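Colleague: Give me a 3D structure for the following:
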Amino acid sequence: MTYLTFVRKERRLLSFAVSFTFFSSFGQTFLISLFVPSFLIAFELSNASFGTLYSIATLASAVVLPWLGQWIDRIPLREYSMYVAIGLLTATVLMAVSWHIAILFIGLILLRLAGQGLSGHTAQATMARYYDKQRGKALSVSGLGYPLGEAILPSAIAGLMVFFHWRTTWALIAALIAVIFIPALWVLTKREKHVVKNENQGGETPSTKENYTAILSDVRTLVVLPAILMPPFWVTGIFLYQVAAADQLGWSAALIASAFIAFAATRILAGLASGPFIDRFSAQSLFPLLLIPMIAGCFVAFQFTGSWAAFVYMGLIGVTMGFGGTIKSALWAELYGTDTIGTVQSLFASVMVFSTALSPFLVGWMLDQGITFNSILLLALVTCVISALLSLRILPAFDRA
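Modeller: From the prediction side, this is the model:
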């Protein structure tokens, strides 16, 4: 089935997923960062104190994510999606009325949980469960909401903040969620009663603890987890300090900013292109290829200083991020089945959030210790190579051995 035919046939559920990935932007760092200067003034915070507050909020959301994420396996999709959307609405309302730092903190926790965590989780778990032969295409299309949000919302929010107070801007975001997002979800899920397609026919349902124990004791988990964690871990840490380290790489801050265009473009293209390949060859067969573009990109940045290298470096990392956004959920469905896809995916998402919370501290500490950015890139390259070699164990040939 071609992309166009597939999108036309499944436009309702695909629109549901894209809506969730798009609105997840309100809980993402790139959008929240636009409000940080206002937070510092309103609550008399330093950069370090807000950074600590934000990290704690992120970690708190990661702790709760596995428990809330597994409920998508247990209740109807419409009901679950309403809970997530109302959680996001509550978060934006709290940001709009945050008269005290405690309210701001609760708002940040809910933004990170309902926005960054559960919104993307709902979209990807639904696509992975509902589609079998077209799973790769479904995940590719649903992921388009991420770059669309990154392209549209920062400029829109910055424009609003020229004319409105930052609290008013959050109130307008809340109104957008209440008037457009929630009603749209209600309409798009009107035919969906249960998410679990293959419900248990008798017998006891394994507990969440039993599911987690089975997943974490599975050798396949151990061989794929490093490769899953390396891209978001290093991209978070390296990108956060990349402008400051531009001189060490022989680039300017303006060049780095321009190179983000290559990152965004290749991320979108890789995400879309990966879908049909996953449908044809399986995520399990393609997974060991995930880190190859990122390894090549880190090598280019480590070895070369020309302006062209910045674009190649960012573009290759974009390929891995786009490919990874599609292949992870497809891999979970292939390895662990679709009946518990929410449980599996939320567990790995929580681990990923913990790793990305640690990354800025680690990279910042290394830079403070005088470790050069080239050395950090070399460390990223080596750890990615080791993770890629380890992930070869996931190939079907090893299952048959």
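Colleague: buried ones in stretch 146-163?
Modeller: Buried residues in stretch 146-163, counted by 16 or more other Cβ atoms under 10 Å: Tyr146, Pro147, Gly149, Glu150, Leu153, Ile157, Leu160, Met161. (Glycine included, C-beta is placed from N, CA and C.)
Colleague: Just the element for the fourth one, please.
Modeller: For Glu150, the host element (DSSP states H and E) is helix 145-163.
Colleague: distance of Glu44 from Leu104?
Modeller: Between Glu44 and Leu104 the distance, using Cβ to Cβ, to the nearest Å, works out to 12 Å.
Colleague: out of the two, which sits in the busier spot?
Modeller: Set side by side, Glu44 and Leu104 show more neighbours around Leu104, with 20 against 9, by other Cβ atoms under 10 Å.
Colleague: does that one sit in a helix or strand, and which one?
Modeller: For Leu104, the element it lies in under DSSP H and E is helix 101-110.
Colleague: what's that helix in contact with?
Modeller: 32, 39, 43, 45, 53-54, 56-57, 60-61, 87-88, 90-92, 94-95, 97-98 (Cβ atoms under 8 Å, 6 or more residues apart in numbering).
Colleague: From the chain's centroid, how far away is the next helix-or-strand element following that helix?
Modeller: Once helix 101-110 ends, the next helix or strand along the chain (criterion: DSSP H and E) is helix 120-130. What separates the centre of helix 120-130 from the centre of its chain is 13 Å, taken as Cα atoms, centre = their mean, to the nearest Å.
Colleague: What are the boundaries of the helices in the stretch 251-400 of the chain?
Modeller: Using DSSP state H, counting those that start in this stretch, the helices assigned to the stretch 251-400 of the chain run over residues 253-281, 283-286, 292-303, 307-336, 341-368, 373-391, 396-400.
Colleague: will you turn those into JSON lines that also has distance to Lys190, mean pLDDT and mean neighbour count?
Modeller: Putting the helices of the stretch 251-400 of the chain into JSON lines (distance: least, Cβ to Cβ, whole Å; pLDDT from 0 to 100; neighbours: other Cβ atoms under 10 Å) gives the following:
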{"stretch": "helix 253-281", "distance to Lys190": "26", "mean pLDDT": "85", "mean neighbour count": "18"}
{"stretch": "helix 283-286", "distance to Lys190": "31", "mean pLDDT": "90", "mean neighbour count": "20"}
{"stretch": "helix 292-303", "distance to Lys190": "40", "mean pLDDT": "94", "mean neighbour count": "21"}
{"stretch": "helix 307-336", "distance to Lys190": "24", "mean pLDDT": "89", "mean neighbour count": "24"}
{"stretch": "helix 341-368", "distance to Lys190": "21", "mean pLDDT": "82", "mean neighbour count": "20"}
{"stretch": "helix 373-391", "distance to Lys190": "41", "mean pLDDT": "93", "mean neighbour count": "19"}
{"stretch": "helix 396-400", "distance to Lys190": "39", "mean pLDDT": "58", "mean neighbour count": "10"}
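Colleague: Quick one, which of the ones you listed gets closest to Val219.
Modeller: Evaluated with Cβ to Cβ, the helices of the stretch 251-400 of the chain place helix 396-400 nearest to Val219, the distance being 9.7 Å.
Colleague: circling back: and the contacts of whichever helix or strand comes after the helix holding Glu150?
Modeller: Along the chain past helix 145-163, the next helix or strand (assigned with DSSP H and E) turns out to be helix 166-176. Identification of contacts with helix 166-176 by Cβ under 8 Å, 6+ apart yields 26, 35, 38-39, 42, 89, 92-93, 95-98, 157, 160-161, 164.
Colleague: for stretch 217-224, same thing?
Modeller: Contacting residues not belonging to stretch 217-224 are listed as Ile215, Phe287, Leu331, Leu335, Leu390, Ser391, Arg393, Ile394 [Cβ under 8 Å, 6+ apart].
Colleague: ok, back up a step: quick one: which of the contacts of helix 101-110 sit in strands?
Modeller: When DSSP state E defines the strands, the subset of these inside them is empty.
Colleague: could you flag which of those residues are buried?
Modeller: When burial is judged by neighbour count using 16+ other Cβ under 10 Å, the buried members of those are 32, 39, 43, 45, 53-54, 57, 60-61, 87-88, 90-92, 94-95, 98.
Colleague: So which of those residues sit within helices?
Modeller: Secondary structure assignment (DSSP state H) places 32, 39, 53-54, 57, 60-61, 87-88, 90-92, 94-95 from those within helices.
Colleague: of all the residues you listed, which two lie farthest apart?
Modeller: The largest separation in those, counting by Cβ to Cβ, is between Phe39 and Gly87 at 20.9 Å.
Colleague: and Gly145, how far is that from Ser38?
Modeller: Using Cβ to Cβ, we find Gly145 at a distance of 26 Å from Ser38.
Colleague: Who has more neighbours out of these two?
Modeller: Gly145 (22 against 14).
Colleague: Find the nearest non-adjacent residue to Phe22, please.
Modeller: With Cβ to Cβ, 6 or more residues apart in numbering as the measure, Gly145 is the residue that lies nearest to Phe22, at 3.6 Å, once sequence neighbours are left out.
Colleague: who's in contact with that neighbour?
Modeller: Listed by Cβ under 8 Å, 6+ apart, the contact set of Gly145 reads Ala17, Val18, Ser19, Phe20, Thr21, Phe22, Phe23, Ser24, Ser25, Ala123.
Colleague: Lovely, talk soon.
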